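# Pasting a predicted model and its sequence here:
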Amino acid sequence: MRGISPTELWTPPCAVNSAASTLLNVSVREYDYDLIVIGSGPSGQKAAVAAAKLGKRVAVVDRHDMVGGVCANTGTIPSKTLREAVLYLTGMHQRDLYGASYRVKHDITISDLLARTRHVVDREVQVVRSQLLRNNIELVTGAARFVDPHTVAVEGPRGERISLSAGNIVVASGSRPARPQQVDFDEARVLDSDEVLRLEEVPSSLVVVGAGVIGIEYASLFAALGTRVTVVEQRERMLDFCDPEIVESLKFHLRDLAVTFRFGEKVMDVAVSEHATVTTLVSGKRILADAVLYSAGRQGMTEELDLEKAGLEADGRGRLAVDEHYRTSVEHIYAVGDVIGFPALAATSMEQGRLAAYHAFAEPTNEMTGLQPIGIYTIPEVSYCGATEAELTSSAVPYEVGISRYRELARGQIVGDSYGMLKLLVSTDDRKLLGVHVFGTGATDLVHIGQAVMGCGGTVDYLVDAVFNYPTLSEAYKVAALDATNKIRALERFEL
Ligand SMILES: Cc1cc2nc3c(=O)[nH]c(=O)nc-3n(C[C@H](O)[C@H](O)[C@H](O)COP(=O)(O)OP(=O)(O)OC[C@H]3O[C@@H](n4cnc5c(N)ncnc54)[C@H](O)[C@@H]3O)c2cc1C
Ligand SMILES: NC(=O)c1ccc[n+]([C@@H]2O[C@H](COP(=O)([O-])OP(=O)(O)OC[C@H]3O[C@@H](n4cnc5c(N)ncnc54)[C@H](O)[C@@H]3O)[C@@H](O)[C@H]2O)c1
């Protein structure tokens, strides 16, 4: 072992894996491990498992209560489970069929919502632990920091310390909510997105600061519960990377659920009393609400890593710069997931982790495909893959649009979704599918059909000729493809 003082050692470091511990004790190799991964979120897990599958000795370090990362504990999994609980208990999706007053449960409480969330989070964490265990990966409990470029010190929950060394290190330490200094977060009424699960009751009114993906997802979730939500966003628009027509539809739906948007407005100050909050905007407006949720961006988790001891430096938002192989400026240290910034999604983070581990151990890989889907779990949900109309227009790519509306699909009627739509963007030069944009029930799943067609370089004709199960929402692809080809044909006939 390198760099270990016997007094610093504590054993075992939450040894979920005795085989790996034995390796640790008898190791006569230069380093304790082939790979140390700092962080057990989606990117860290996949980096660790990928290396283990190559027969490497791997350790993953994380805090006891954070196994599975932000993703499993405070981010993706709890927020998506909460959404599912809200949809079920409010009966939202059934109201087209049974009337506006339909509810599965009146007076929904926080414990109704959290019961399901806790159950799913616990199961997810168990799945992560078990995957690490069965791949002979050592899970070391504590907070890691660099001692030198090949060594990290891990401080356990009771202050115990251990030092571990590895030939390669992957920093997968994720991100935390950015907190403006002038706001006092009190964990009760003024919260960030990591703390929203601690609300003691469903607020009757809520200010959401920041209309990014997190802010809009939570705004729609609380609005569906009947909370009066005000969204404050400093920019003039929201979700401007998405299709504007779909964002308009989403805003229409949210307004219908009593959401008020304050675009082009900045928060100056938040005052808190025992019973309420008052948010003062720079424009002078004051908003009274039960609670305030800050979702104004995230910050890379690098402050505690002692990066300088590894020869690394983070940028002003705590992020690490990497090359196309996820390698930092120090050759054997990789960084993946939220800590490297955009797109900061669980989906892409996992793939970055796998690719980084393969590169570290010279395993051949393909580069990550440019066709990455975006899924926004608002109520209703939004998803897209490929180009947007704005991108095609600015790069002067001629295209035609094909649209299918759920209300004209038998499955749309059956599930009671009268607002959903699917939009295809098709090249008028070679009929290739260039983009797919979906709004409504199942959008985040449906998008993958379009992704597969685009990934294989397919044309709209594949969708015109394909036979889809009936009645399904997938049929929207065929309807939209026919719409696009009808328009293309009409133009071609005119030109003849
Ligand atoms: C509310 C919310 C909803 C989201 N919804 C979605 C969604 O629907 N779909 C989607 O794709 N993405 C979603 N995301 C984003 C997604 O959660 C992140 O992109 C993903 O979790 C990033 O994974 P990661 O591996 O980088 O690390 P994280 O999941 O952030 O985990 C990092 C881990 O590193 C650990 N760590 C940090 N420093 C140290 C240290 N010094 N020592 C030891 N361990 C350390 C932390 O404890 C943590 O467990 C959401 C995020 C939030 C906040
Ligand atoms: N479904 C998903 O894939 C999903 C869900 C949630 C989060 N995420 C990821 O999490 C990351 C963080 O999301 P986020 O929404 O916190 O950040 P973000 O940076 O996307 O959005 C923050 C928003 O807050 C606004 N803002 C900042 N300060 C403000 C102020 N003082 N007053 C008013 N507005 C202010 C910004 O203009 C911005 O629009 C994103 O990168 C996203 O990819 C993904």
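All right, it came through fine. Ligands and ions are numbered 1, 2, ... in the order given.

# what is the mean pLDDT for stretch 68-80?
Stretch 68-80 shows a mean pLDDT of 97.

# quick check, that stretch touching ligand 1?
Yes: in terms of CB under 6 Å from any ligand atom, part of stretch 68-80 sits within range of ligand 1, namely 69, 70, 71, 75, 76, 79, 80. Just so you know, the C-beta spots here come from the backbone N, C-alpha and C atoms, and that holds for glycine as well.

# Give me the distance from that stretch to the chain's centre.
Remark: stretch 68-80 is offset 9 Å from the chain centroid, using CA atoms, centre = their mean, to the nearest Å.

# Residue numbers of the stretch 101-250 of the chain in contact with ligand 1?
Residues of the stretch 101-250 of the chain lying near ligand 1 (CB under 6 Å from any ligand atom): 143, 144, 145, 172, 173, 174, 175, 193, 214.

# Residue 193: neighbouring residues, count only.
Neighbourhood size, residue 193 [other CB atoms under 10 Å]: 25.

# So that it lines up with my notes, have the first residue be 10 from now on.
I'll keep to 10 as the first residue from here, and by that count the last item is residue 202.

# residues touching it, list them.
For residue 202, the contacting residues are 83, 84, 88, 186, 223, 227, 302, 303, 304, by CB atoms under 8 Å, 6 or more residues apart in numbering.

# Let's see that with 10 Å instead.
Residue 202 makes contacts with 79, 83-84, 87-88, 185-186, 217, 219, 221, 223-224, 226-227, 302-305, 307, as judged by CB atoms under 10 Å, 6 or more residues apart in numbering.

# Same question for residue 262.
Residues near residue 262 by CB under 10 Å, 6+ apart: 229, 232, 268, 387, 388, 389, 428, 448, 449.

# Quick one: which of the residues you listed is the most crowded by neighbours?
Using other CB under 10 Å as the neighbour criterion, residue 448 leads those with 29 neighbours.

# what's that one sitting at in phi/psi?
In terms of degrees, to the nearest 10, the main-chain angles of residue 448 are phi -130, psi 130.

# what pLDDT does the residue of the chain found nearest ligand 2 get?
For the chain, the residue closest to ligand 2 is residue 221, as judged by CB to the nearest ligand atom, at 2.1 Å. On pLDDT, residue 221 comes in at 96.

# Next, find the distance separating it from residue 248.
The spacing between residue 221 and residue 248, counted by CB to CB, to the nearest Å, is 8 Å.

# can you list residues touching both of those two?
residue 385.

# neighbour count winner among the two?
Just comparing residue 221 and residue 248: by other CB under 10 Å the higher neighbour count belongs to residue 248, 20 against 17.

# That one: what secondary structure?
Under the three-state scheme (DSSP: H, G, I helix; E, B strand; the rest coil), residue 248 adopts coil.

# now what about stretch 461-477, what contacts it?
Applying CB under 10 Å, 6+ apart, the external contacts of stretch 461-477 come out as 378-380, 394-396, 409, 411, 433-436, 439-445, 457-459, 483-495, 497.

# ok, 7 Å please
Outside stretch 461-477, the residues that touch it by CB atoms under 7 Å, 6 or more residues apart in numbering are 378, 380, 394-395, 433, 435, 440-442, 483-484, 486-487, 490-491, 493-494.

# how distant is it from the center of its chain?
Centre-to-centre, stretch 461-477 and its host chain are 28 Å apart (CA atoms, centre = their mean).

# okay, that stretch in CSV with CA atoms only?
What follows is stretch 461-477 as a C-alpha-only set of coordinates in CSV (Å, rounded to 0.1, in the frame of the first residue of the first chain):
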residue,chain,number,x,y,z
ALA,A,461,-33.8,4.3,-33.2
VAL,A,462,-35.0,5.3,-36.7
MET,A,463,-32.6,8.3,-36.7
GLY,A,464,-29.8,6.3,-35.2
CYS,A,465,-30.0,3.8,-38.1
GLY,A,466,-30.2,6.7,-40.7
GLY,A,467,-33.8,5.8,-41.5
THR,A,468,-36.2,7.8,-43.6
VAL,A,469,-39.8,8.8,-43.0
ASP,A,470,-40.8,6.0,-45.5
TYR,A,471,-39.9,3.4,-42.9
LEU,A,472,-42.5,4.9,-40.6
VAL,A,473,-45.1,5.2,-43.4
ASP,A,474,-44.6,1.5,-44.3
ALA,A,475,-44.4,0.1,-40.8
VAL,A,476,-47.4,-1.6,-39.3
PHE,A,477,-47.8,-0.6,-35.6
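
# pLDDT on it, on average?
Mean predicted confidence for stretch 461-477 is 97.

# For it, could you pull out the residues that count as buried?
Residues of stretch 461-477 classed as buried: 462, 463, 467, 468, 469, 472, 473 (neighbour count, 16 or more other CB atoms under 10 Å).

# Can you pull the phi/psi pair for the fourth one?
According to degrees, to the nearest 10, the main-chain angles of residue 468 amount to phi -100, psi 170.

# and what of the last one?
Main-chain torsions, residue 473, degrees, to the nearest 10: phi -70, psi -40.

# what's the closest non-adjacent residue to it?
Of all residues not flanking residue 473 in the chain, residue 490 sits nearest, at 4.8 Å (CB to CB, 6 or more residues apart in numbering).

# among the contacts of residue 262, which are within reach of ligand 2?
Among the contacts of residue 262, ligand 2 is touched by none when using CB under 6 Å from any ligand atom.

# Could you find which two of those are furthest from each other?
Pairwise distances across the contacts of residue 262 peak at 17.9 Å for 268 and 449 (criterion: CB to CB).

# follow-up on the earlier one: out of the residues of the stretch 110-259 of the chain next to ligand 1, who has the most neighbours?
Of those, residue 181 is surrounded by the most neighbours, 34 neighbours in total, counting by other CB under 10 Å.

# Would you agree that one is in contact with residue 345?
Yes: with contact defined as CB atoms under 7 Å, residue 181 counts as touching residue 345 (5.3 Å).

# Overlap of the contact sets of those two?
52, 56, 362.

# wait, which of the residues you listed is closest to residue 103?
Set against residue 103, the nearest of these by CB to CB is residue 52 (37.6 Å).

# Just give me how far the one helix or strand the closest one maps to sits from the chain centre.
Assigned by DSSP states H and E, residue 52 belongs to helix 51-62. Chain-centre distance of helix 51-62: 18 Å, with CA atoms, centre = their mean.

# is any part of it close to ligand 2?
No: figure legend: helix 51-62 not in contact with ligand 2 (CB under 6 Å from any ligand atom); closest approach 11.8 Å.

# Show the residue spans covered by the helices in this structure.
27-35, 51-62, 78-82, 85-99, 104-107, 119-143, 222-233, 253-265, 355-369, 398-403, 419-424, 452-464, 469-474, 484-504 (DSSP state H).
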